[in-house]
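Engineer: using only what follows, build the 3D model:
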Amino acid sequence: MPKNSPAQQGATHEASSAVSTPKVAWLIGPALVAGVAYLDPGNVASNMTAGAQYGYLLVWVVVIGNVMAWLIQYLSAKLGIVTGESLPEVLGRRLRNRWARRAYWLQAELVAMATDVAEVIGGAVALNLLFGIPLLWGGVITGVVSIGLLLVQSKRGARPFENAVIALMVIIAVGFTAGVFVGPPDPAGIVAGLVPRFEDAGSVLLAASILGATIMPHAIYAHSALSRDRFAPPRAAGDTATAAPTRHAGDELAALRGVGTARLLRATRWDVSIAMIIAGTVNLCILLLAAANLAGVPGTDSLEGAYAALRDGLGPLVATLFAVGLLASGLASTSVGAYAGAEIMSGLLRARVPLLVRRLVTLIPALLILGAGFDPTFALVLSQVVLSFGIPFALIPLVVLTAQQRTLGEYRNRPITTIGGIIASVFLVTLNAVLLFLVFTGA
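Structural biologist: This next block holds a predicted model:
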């Protein structure tokens, strides 16, 4: 067997020694970035509307959605770490039929564009509330800033991008939770809201919207890619998504950084737990804030109305923090959404489109909605319903792939994990079927 040159051996030893005992903080990050998708303006609109219209009724939906999200995001990260490929790349290899692959890409691309609609509109509304900027120009500004964040990722790597997005997440958390301390919710109402139930077709629609905003398909695609970018060994020039995965990319990383795949997966569980605790707490606070302070208040079915009601009821500081959180939410989540969209295209179509071109194309639907004067809050809620219908197409393949010996080897799912994934998939598909029935029958 050929041996490495002395220079190569020395470089490998030096790199291994430098990182043989890496800090846990180095392993944290991808889930926090993917977790921003759970704090996008669609979440704000869905949870705020649910609280304002139904009080504490749908608290249980937020809690269950967050529990399912933990499992789903961990499986996505595990796929990226062990295979060194994102979910779109694995599916792009497995779907041999060209038309099947294109059809799958089309639905995934539509979901990504629905995500962009929610995030750009949310940023535009926030800029309008804070500075009076017209919605259309606010959408343009949001899109331009997101391009800047994406350029950081493409030029400087995963870590600086993660740091920028995590900083925005802190602003989001402060902005959306401050009001709960000023206008606290009713503990008895919270407990009652933990009992699963619906009131009418509108509550089912909002439940689907909350789940679509909580368990977002593009977050599943993005998390596997973020984990790959952070932990997988760099590919040689000319490698494409069609290349077969290396034998346990995480194990190769162990030789480079002194961190085995098992340890990476343990750190990832912590990463996902931290991200989901933050996202779940913030989402719950948004719903509780509306339930406690906006229920029955006229006009609170829109973000602008909710902002005005918070300003009048809890003071201008709480309202301003809410708007700042909404702006940070739009800027951070649209960057992650665009990153996911680029990954979907390159993994499934095996083609790369220049970042600027793709970003401009995906901005068009949101800008058209803003320019046409369509109600932005209603557009946000509907976009989350579209995301809800895209969940099974990302979730079912993820559960199947991570349960396979040939895909993850010794790191494949345990039976209980696979059962949990199946239960989550069945629950989400059933909820969507009920929603369709109620919508088309007018029940």
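
Engineer: what packs against the helix or strand containing Ala100?
Structural biologist: Using DSSP states H and E, Ala100 sits in helix 98-131. If contacts are counted by 3 or more Cβ pairs under 8 Å, 6 or more residues apart in numbering; DSSP states H and E, helix 98-131 sits against helix 41-54, helix 87-94, helix 135-156, helix 217-231, helix 303-314, helix 316-349, helix 355-372, helix 376-402. For the C-beta atoms, the positions are set from N, CA and C on the backbone; glycine is no exception.

Engineer: show residues contacting the helix or strand harbouring Ile210.
Structural biologist: Taking DSSP H and E as the criterion, Ile210 maps to helix 201-214. With contact meaning Cβ atoms under 8 Å, 6 or more residues apart in numbering, helix 201-214 is reached by 38, 40, 42-43, 46-47, 49-50, 53-54, 57-58, 61-62, 65-66, 68-69, 118, 198, 279, 283, 381-382, 384-391, 428, 431-432, 434-435, 438-439, 443.

Engineer: which of those residues count as buried?
Structural biologist: 38, 40, 42-43, 46-47, 49-50, 53-54, 57-58, 61-62, 65-66, 68-69, 118, 198, 279, 283, 381-382, 384-391, 428, 431-432, 434-435, 438 (16 or more other Cβ atoms under 10 Å).

Engineer: let's verify Thr300: helix, strand, or coil?
Structural biologist: Following DSSP: H, G, I helix; E, B strand; the rest coil, Thr300 is assigned to coil.

Engineer: hmm, Ser346 is touching Pro354, no?
Structural biologist: No - with contact defined as Cβ atoms under 8 Å, Ser346 and Pro354 do not form a contacting pair (11.7 Å).

Engineer: touching, Gly65 and Ile215? I think so.
Structural biologist: Yes - assessed by Cβ under 8 Å, Gly65 is found in contact with Ile215 at 6.0 Å.

Engineer: specify the angle between the helix holding Ile210 and helix 41-54 in degrees.
Structural biologist: Comparing the axes of helix 201-214 and helix 41-54 via axes from the mean of the first three to the mean of the last three Cα atoms, to 10 degrees yields an angle of 150 degrees.

Engineer: how far does the helix or strand containing Asn163 sit from the chain's center?
Structural biologist: Element membership for Asn163 (DSSP H and E) is helix 158-182. Distance of helix 158-182 from its chain centroid, counting by Cα atoms, centre = their mean, to the nearest Å, is 14 Å.

Engineer: which ones are touching Phe378?
Structural biologist: Phe378 is in contact with Ser302, counting by Cβ under 8 Å, 6+ apart.

Engineer: please report how far it lies from Thr49.
Structural biologist: According to Cβ to Cβ, to the nearest Å, Phe378 and Thr49 sit 9 Å apart.

Engineer: got it, and Gly313?
Structural biologist: 17 Å.

Engineer: what about the host helix or strand of Val67, distance to the chain center?
Structural biologist: Assigned by DSSP H and E, Val67 belongs to helix 59-83. Computed by Cα atoms, centre = their mean, the chain-centroid distance of helix 59-83 equals 10 Å.

Engineer: quick one, it and helix 217-231 angle?
Structural biologist: Interaxial angle, helix 59-83 versus helix 217-231 (the same axes, to 10 degrees): 40 degrees.

Engineer: just the buried residues of helix 59-83, please?
Structural biologist: Taking 16+ other Cβ under 10 Å as the criterion, helix 59-83 shows 59-66, 68-83 as buried.

Engineer: about what we covered before: out of Ser346 and Pro354, which sits in the more crowded spot?
Structural biologist: More crowded of Ser346 and Pro354, by other Cβ atoms under 10 Å: Ser346, with 20 against 9.

Engineer: I figured Asp186 hits Ala295, correct?
Structural biologist: No - using Cβ under 8 Å, Asp186 is not in contact with Ala295, being 10.4 Å away.

Engineer: which SSE is Pro185 in?
Structural biologist: For Pro185, there is no enclosing helix or strand under DSSP H and E.

Engineer: quick check, it in contact with Ala290.
Structural biologist: No - with contact defined as Cβ under 8 Å, Pro185 does not reach Ala290; the gap is 9.5 Å.

Engineer: more crowded one of these two?
Structural biologist: Comparing Pro185 with Ala290 by other Cβ under 10 Å, the one with more neighbours is Ala290, at 28 against 22.

Engineer: re the thing from before, in the helix holding Asn163, what's buried?
Structural biologist: Residues of helix 158-182 classed as buried: 158, 161-162, 164-166, 168-169, 171-173, 175-180 (neighbour count, 16+ other Cβ under 10 Å).

Engineer: next one: stretch 413-429
Structural biologist: For stretch 413-429, a neighbour-count test (16+ other Cβ under 10 Å) marks 413, 417-418, 420-421, 424-425, 428 as buried.

Engineer: next one: stretch 389-403
Structural biologist: Quick answer for stretch 389-403 (16+ other Cβ under 10 Å): 389-391, 393-403.

Engineer: what about the stretch 301-443 of the chain, any weak spots by pLDDT?
Structural biologist: Applying pLDDT under 70 to the stretch 301-443 of the chain flags the ranges 301, 353, 355-356, 381, 384-385, 388, 435-436, 438-440, 442-443.

Engineer: before I go, just wanted to say thanks for your time.
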